[in-house]
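Visitor: whatever this is, show me its structure:
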Amino acid sequence: MINRVLIRIRVVQILFSCSHSETTDLRKAESELMLSLQKSYDLYFYLLSLMVELTNTYAQRVDSRKSKLLPTKEDMSPNIKLLNNKFISQLSQNTELVKYMNDRPFSWAEHDAFIRNLLDNILNSDIYKEYIESQTQEYNDDREFWRKVFKQIICTTEDLYSILEDESLYWNDDIEIIQSFVLKTIKRFDENKGTEQELLPMFKDETDKEFAVKLLRESLFNGKEYRELIDKYTKNWESERIALMDMVIMQIAIAEIIEFPSIPISVSLNEYIDIAKSYSTIKSASFINGILDAIVKELKEEKKIIKK
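Guide: Numbers count the residues shown, from 1 in each chain. Below you'll find the predicted structure:
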C-alpha cells in the first residue's frame, strides 16, 4: 500500500530534516523513516474506521430518539437501512481492522462534534436520499453507497484535514494518497469473504521496503559526492540563493538514478520534479530539471549509468 511516490516524499522530508543537523545518525534517520511510513499506514486504518464510527453514531442517535420522553412517530420508526448496511457490517467485524484498532492508540471518540456534523452532512445528501429510496438492500448497493459517501462527502470535508493535521504531522501530506487506497479497498470488498476480507498490506512486497531503506542510506552515505556534482553545475549560482529543499531533492534523485538500475531515468526525474512542485519554490521544478539533465548526461558519458 505504501507506494514509492510516498516513500520518495518521506525520504526527502527526512533528509531535509537531517540537513539542519551538523551530524547525521543513520540509525535514527532510518527509524524516523519507518515511523513516518507506519503513520501513513495508521491513517489507512483510521479512515476505514471512520465509516464504522459514523454508523455507530447513527445507531446511538436512533436509540436516543426512541428513549425521549415524548418520542414522535418518526422517532419510534426511523429508517434503519443505514444500520443494516451489509458492507459496514462486514467492515466493522473485519479481523485485520479490529485487531489493528485494538493495538493502536487512536480513535474518533474525542472528535464527536466532527462525527455528528459529518453524519448530518451524509444524512442530508442526495446520495443518502437515493440510497434509502431504494426498496432493496443488496450488498453491492450498500458498498457503493459508502464508496460514494467516502469519495464525495468525507474526502471533501475540510474539517477532516484539520483533525488529521493535529493528530500527526505526516498525515496532511498523506491524505490524498491514502484516500485513494481506501477507495480501492472498498471496491475490493467481497461479501463472500466475510470477516477475513484482506486489507491492503503496508508494503506491496519486500522490495518496496528495501527501496525505502536503500534510497535513504545511499542519499546519506554519498551525500558529499552528490552535492559536489550538483555544485559543479550550479557554480554560477550563489549557494545561498539555492533553496536547501532543491539541494535535498537533487541529492536523492541522483542517488536513485545511480543506485537503482531497474528504474528508468525518466521516471526518477519526473517523480522528483513533481515533489519540487509541491514542496519547494515556484521556479524549483524547472531549475532542478535543468541541473539533473546535465548531471545525467555526464554520468552517462562516464559510464556511471547505462540505463535509459
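Visitor: state the distance from the residue at the greatest distance from the centre of the chain to R61.
Guide: Each residue of the chain has a distance to the centre, and by C-alpha atoms, centre = their mean the biggest one is for L70: 46.4 Å. According to C-beta to C-beta, to the nearest Å, L70 stands 17 Å off from R61. All C-beta atoms are positioned from the backbone trio N, CA, C, and that covers glycine.
Visitor: first-to-last residue distance for stretch 69-81?
Guide: One end of stretch 69-81 sits 25 Å from the other (C-alpha to C-alpha, to the nearest Å).
Visitor: contacts for it next, please.
Guide: Here stretch 69-81 makes contact (C-beta atoms under 8 Å, 6 or more residues apart in numbering) with V62, R65, K66, K68, Y131, I132, Q137.
Visitor: repeat that with 6 Å
Guide: Residues outside stretch 69-81 that contact it (C-beta atoms under 6 Å, 6 or more residues apart in numbering): V62, R65, K66, I132.
Visitor: also stretch 171-187?
Guide: With C-beta under 6 Å, 6+ apart as the test, stretch 171-187 has contacts from M1, L6, S40, L43, Y44, L47, R147, K151, C155, L164, E165, L200.
Visitor: spatially nearest residue to the fifth one (excluding sequence neighbours)?
Guide: In space, and not counting its chain neighbours, Y44 is closest to I178: 5.3 Å by C-beta to C-beta, 6 or more residues apart in numbering.
Visitor: distance of the one you found from P71?
Guide: As for I178, its distance to P71 is 41 Å (criterion: C-beta to C-beta).
Visitor: in terms of neighbours, single out the busier of the two.
Guide: Shown here are I178 and P71; by other C-beta atoms under 10 Å, I178 has more neighbours (24 against 13).
Visitor: next, give phi and psi for the more buried one.
Guide: phi -70, psi -40 (degrees, to the nearest 10).
Visitor: hang on, the earlier thing: who wins on neighbours among the contacts of stretch 69-81?
Guide: The most crowded member of those, judged by other C-beta under 10 Å, is V62 (16 neighbours).
Visitor: ok, back up a step: how about the contacts of stretch 69-81, which pair is most distant?
Guide: Using C-beta to C-beta, the contacts of stretch 69-81 reach their maximum pairwise distance at K66 and I132, which is 18.3 Å.
Visitor: before we move on, the earlier item: which stretch of helix or strand covers the residue farthest from the centre of the chain?
Guide: Assigned by DSSP states H and E, L70 belongs to no helix or strand.
Visitor: one more: V5?
Guide: helix 4-18.
Visitor: how far does stretch 214-234 stretch from start to finish?
Guide: 27 Å.
Visitor: of all the residues in it, which ones are buried?
Guide: By 16 or more other C-beta atoms under 10 Å, the buried positions in stretch 214-234 come out as 214-220, 222-223, 226-227, 229-230, 233-234.
Visitor: what residue ranges in the stretch 51-200 of the chain score low on pLDDT?
Guide: Scanning the stretch 51-200 of the chain for pLDDT under 70 picks out 73, 75, 77.
Visitor: now do the helices in it.
Guide: Using DSSP state H, counting those that start in this stretch, the helices of the stretch 51-200 of the chain run over 73-76, 86-92, 95-103, 112-123, 126-133, 139-152, 158-167, 171-188.
Visitor: let me have these in a markdown table, extended by distance to S31.
Guide: Formatted as a markdown table, the helices of the stretch 51-200 of the chain follow (distance: least, C-beta to C-beta, whole Å):
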| stretch | distance to S31 |
| --- | --- |
| helix 73-76 | 53 |
| helix 86-92 | 32 |
| helix 95-103 | 19 |
| helix 112-123 | 32 |
| helix 126-133 | 43 |
| helix 139-152 | 33 |
| helix 158-167 | 20 |
| helix 171-188 | 19 |
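Visitor: nearest to L15, out of those helices?
Guide: Nearest to L15, of all those, is helix 171-188, at 14.9 Å by C-beta to C-beta.
Visitor: tell me the angle whichever helix or strand comes after the closest one makes with helix 4-18.
Guide: Note on helix 171-188: by DSSP H and E, the next helix or strand toward the C-terminus is helix 206-221. Computed by axes from the mean of the first three to the mean of the last three C-alpha atoms, to 10 degrees, the angle separating helix 206-221 from helix 4-18 equals 30 degrees.
Visitor: so which bits of stretch 121-138 are buried?
Guide: Of all the residues in stretch 121-138, those buried under the rule 16+ other C-beta under 10 Å are I122, L123, I127, Y128, Y131.
Visitor: great, nothing more from me.
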